[in-house]
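In: Mind looking at a prediction? Sequence and model below.
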Amino acid sequence: GQQVMQIPQYQHVQEGEDFTTYCNSSTTLSNIQWYKQRPGGHPVFLIQLVKSGEVKKQKRLTFQFGEAKKNSSLHITATQTTDVGTYFCAGASGTYKYIFGTGTRLKVLA
Amino acid sequence: DTGVSQDPRHKITKRGQNVTFRCDPISEHNRLYWYRQTLGQGPEFLTYFQNEAQLEKSRLLSDRFSAERPKGSFSTLEIQRTEQGDSAMYLCASSLGAGVPYEQYFGPGTRLTVT
């Protein structure tokens, strides 16, 4: 079955440093979504990517969808303490069933 | 508040008992999802509905799990003969649905503890 892996599992950064998480699917995706989950909270939608090679930016966050539509990345520039949480990618392959990745837990040290 | 709501927020039950959870999606949302999440893991897909039709169900799900969305509005998830391994956070999410993918809005979840 479809599997979605994320690396790294954990990342500790100093405030102001950059952060990147990578998402890899075992199957070609029709679209990919990114979510952020704060400790004790529920996942909150960040962005959706649909097109091969697509790049989207939200302030300090940059999202990319690979050319083969099997991988994606989230890059945060100049992290802040408010960026703390776990970032998940969720991929769909032709239907609207989403398989979530394993997540990357980000800690930002002030 | 017009977000996704779930009831109850917490449930403690003894092994072997049946439990039922309810999810009320955002009113105009056609799609409704159920996920299960354990500590340190991502949400695990259980099933999803398009209006009242259950379109996909995880093969990981045993026959003890069943979900319904009888009128295309609220949904229930029932677990029969609960086991300790069922202890987890059960998340419901809803989205618009009209032939294209839409963002999912998650509810606060129901935390199940099986003793």
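Out: Sure thing, it's come through.
In: When you work out contacts or count neighbours from here on, use the C-alpha atoms and nothing else.
Out: Noted.
In: for residue 60, what are its contacts?
Out: Defaulting to chain A. Residues in contact with A:Arg60 (CA atoms under 8 Å, 6 or more residues apart in numbering or on different chains) are A:Ile76, A:Thr77, A:Ala78.
In: think we crossed wires, I meant chain B
Out: Applying CA under 8 Å, 6+ apart, we find B:Leu60 in contact with B:Leu46.
In: now the strands for the chain?
Out: The chain I'm using is chain A. Assignment of strands within chain A using DSSP state E yields the ranges A:4-7, A:10-14, A:19-25, A:31-37, A:44-49, A:55-58, A:61-65, A:71-76, A:85-92, A:98-100, A:104-109.
In: that's the wrong chain, I meant chain B
Out: Going by DSSP E, chain B shows strands at B:5-7, B:10-13, B:19-24, B:31-37, B:44-50, B:53-57, B:65-68, B:75-79, B:88-95, B:105-106, B:110-114.
In: Check the burial of residue 22 by counting its neighbours.
Out: If you meant another chain, say so; for now it's chain A. 20 (other CA atoms under 10 Å in any protein chain shown).
In: that's the other chain; I wanted chain B
Out: For B:Arg22, using other CA under 10 Å, the count is 21.
In: Quick check: the gap between the closest residue to it other than its chain neighbours and B:Glu52.
Out: With sequence-adjacent residues excluded and distances taken as CA to CA, 6 or more residues apart in numbering or on different chains, B:Arg22 is closest to B:Thr76, at 4.5 Å. Here B:Thr76 is placed at a distance of 12 Å from B:Glu52 (CA to CA, to the nearest Å).
In: which residues do these two both contact?
Out: In contact with both B:Thr76 and B:Glu52: B:Glu68, B:Arg69, using CA under 8 Å, 6+ apart.
In: Kind regards, and thank you for your time.
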